[in-house]
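Peer 1: Take a look and give me a structure for this.
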Amino acid sequence: MQYDRVPLSPVGSPASLSSPSPRLAPPSRFSGGDSSGGLPSPATAKSCMSAAAKRYKYLRRLFHFRQMDFEFAFWQMVYLMSAPQHVYRNFQYRKQTKLQFARDDPAFLVLLAGWLVVSSAGFALVLNIGLGEFVKFLLYVIFVDCIGVGLVVATLLWLLSNKYLLKPAYRELDVEWGFAFDVHLNAFFPLLVILHFIQLFFYHLIIGRDLWVATCFGNTLWLIALGYYVYITFLGYNSLNILQRTQVFLYPMVPLVLFYGMTLLTNWNLSQSLMFFYHYRVL
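Peer 2: Numbering: from 1, shown residues only. Okay, here's the model as predicted:
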């Protein structure tokens with residue numbers, strides 16, 4: 001086992017007996033917050049960077065790949081598929097050290113864009129479309145499926161959180177819109193892997209056939225993917241100690257399960273419908 005080297009004070013010095021190692025207890029940049037969640041005081045929160053300044057800093061880093069932590073972003077993606085609750089522990093630490101929940105490193109967004117390119121190429125092979133149609137399909141997936149839907153969902157949940165779910169003691173604080181969009185990106189990644197990647201391996205094998213078993217298998221993948229989206233969204237807002245009644249973010253699971261049962265009863269193959277829709281959009 002290796003230990004970090006910490007500068008030592010002279011032997012017998014009071015500092016050597018009483019001063020804790022900064023690696024063991026990193027000092028907080030603010031005081032007066034909630035002791036359980038590391039929340040800043042309202043006075044300190046007002047001194048933080050404006051939302052515009054944060055966006056400018058984030059977008060500026062998009063052009064500096066050497067400053068991005070791709071390894072950490074990759075492991076976040078792995079945890080989103082296996083143990084998504086661990087991802088939001090890092091968001092809490094960022095709030096304590098940088099006074100913001102939203103990501104300040106665009107590495108995750110860059111890797112997600114790479115996944116969109118790879119998965120779109122797989123769809124192009126399944127749909128049997130040319131290069132021009134592939135570019136149209138890729139642009140549609142990026143700017144409509146990912147960004148467009150994300151803007152709508154993030155804005156609605158951001159408004160819901162700040163208007164109805166803030167705890168009375170934290171009315172002077174608010175949920176960052178950037179964090180709401182980060183939650184969407186986190187929840188979108190497993191959905192992308194399941195519906196735009198894993199599903200493709202089974203489409204011609206079973207999902208694309210006119211059988212009830214094919215409908216059941218394909219629609220079950222949809223249920224898992226959308227269920228992941230709802231659950232990770234819930235985890236994101238539940239990690240904010242300024243919010244209450246966050247279980248409301250799990251309510252969509254009820255109509256989702258009912259809709260899944262309805263599709264099985266009517267033998268409505270959602271995967272085939274998606275393929276037909278995408279083929280119509282690019283041709």
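
Peer 1: Now residue 150: closest residue in space that isn't a chain neighbour?
Peer 2: Leaving aside its chain neighbours, residue 150 sits nearest to residue 184 (4.2 Å; criterion: CB to CB, 6 or more residues apart in numbering). (Glycine included, C-beta is placed from N, CA and C.)

Peer 1: which residues sit in contact with that neighbour?
Peer 2: 149, 150, 153, 154, 233 (CB atoms under 8 Å, 6 or more residues apart in numbering).

Peer 1: Who wins on neighbours among those?
Peer 2: residue 233 (23 neighbours; other CB atoms under 10 Å).

Peer 1: where along this protein do the helices fall?
Peer 2: Applying DSSP state H to the chain gives helices spanning 14-18, 42-46, 51-61, 70-82, 87-98, 107-127, 131-140, 147-160, 177-193, 199-202, 212-238, 253-265, 270-282.

Peer 1: Buried deepest among those, which one?
Peer 2: helix 177-193 (a mean of 22; mean count of other CB atoms under 10 Å).

Peer 1: now the angle from it to helix 147-160?
Peer 2: 130 degrees (axes from the mean of the first three to the mean of the last three CA atoms, to 10 degrees).

Peer 1: What mean pLDDT does helix 177-193 get?
Peer 2: Here helix 177-193 scores 93 as its mean pLDDT.

Peer 1: cool, and stretch 247-256?
Peer 2: On average, stretch 247-256 scores 96.

Peer 1: ok, back up a step: now the helices of the chain in JSON lines, with distance to residue 171?
Peer 2: Listed next are those as JSON lines, based on distance: least, CB to CB, whole Å:
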{"stretch": "helix 14-18", "distance to residue 171": "39"}
{"stretch": "helix 42-46", "distance to residue 171": "9"}
{"stretch": "helix 51-61", "distance to residue 171": "19"}
{"stretch": "helix 70-82", "distance to residue 171": "31"}
{"stretch": "helix 87-98", "distance to residue 171": "18"}
{"stretch": "helix 107-127", "distance to residue 171": "31"}
{"stretch": "helix 131-140", "distance to residue 171": "41"}
{"stretch": "helix 147-160", "distance to residue 171": "15"}
{"stretch": "helix 177-193", "distance to residue 171": "18"}
{"stretch": "helix 199-202", "distance to residue 171": "44"}
{"stretch": "helix 212-238", "distance to residue 171": "17"}
{"stretch": "helix 253-265", "distance to residue 171": "29"}
{"stretch": "helix 270-282", "distance to residue 171": "42"}
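
Peer 1: Mind telling me which of those helices the model trusts least?
Peer 2: Sorting the helices of the chain by mean pLDDT places helix 14-18 lowest, at a mean of 40.

Peer 1: So which residue is smack in the middle of this structure?
Peer 2: In the chain, the C-alpha nearest the mean C-alpha coordinate belongs to residue 186, at 1.4 Å (CA atoms, centre = their mean).

Peer 1: quick one: contacts for the residue lying closest to residue 260 once chain neighbours are set aside?
Peer 2: Excluding the flanking residues, the one nearest residue 260 by CB to CB, 6+ apart is residue 223, at 4.7 Å. Counting by CB under 8 Å, 6+ apart, residue 223 touches 256, 257, 260.

Peer 1: repeat for residue 167
Peer 2: When the contact criterion is CB under 8 Å, 6+ apart, the partners of residue 167 are 242, 243, 244.

Peer 1: And for the first one, nearest residue in space, chain neighbours not counted?
Peer 2: Leaving aside its chain neighbours, residue 242 sits nearest to residue 170 (4.1 Å; criterion: CB to CB, 6+ apart).

Peer 1: From what I see, the one you found and residue 240 are in contact.
Peer 2: No - judged on CB atoms under 8 Å, residue 170 makes no contact with residue 240 at a distance of 9.4 Å.

Peer 1: Counting neighbours, go ahead and name the busier of the two.
Peer 2: residue 240 (26 against 19).
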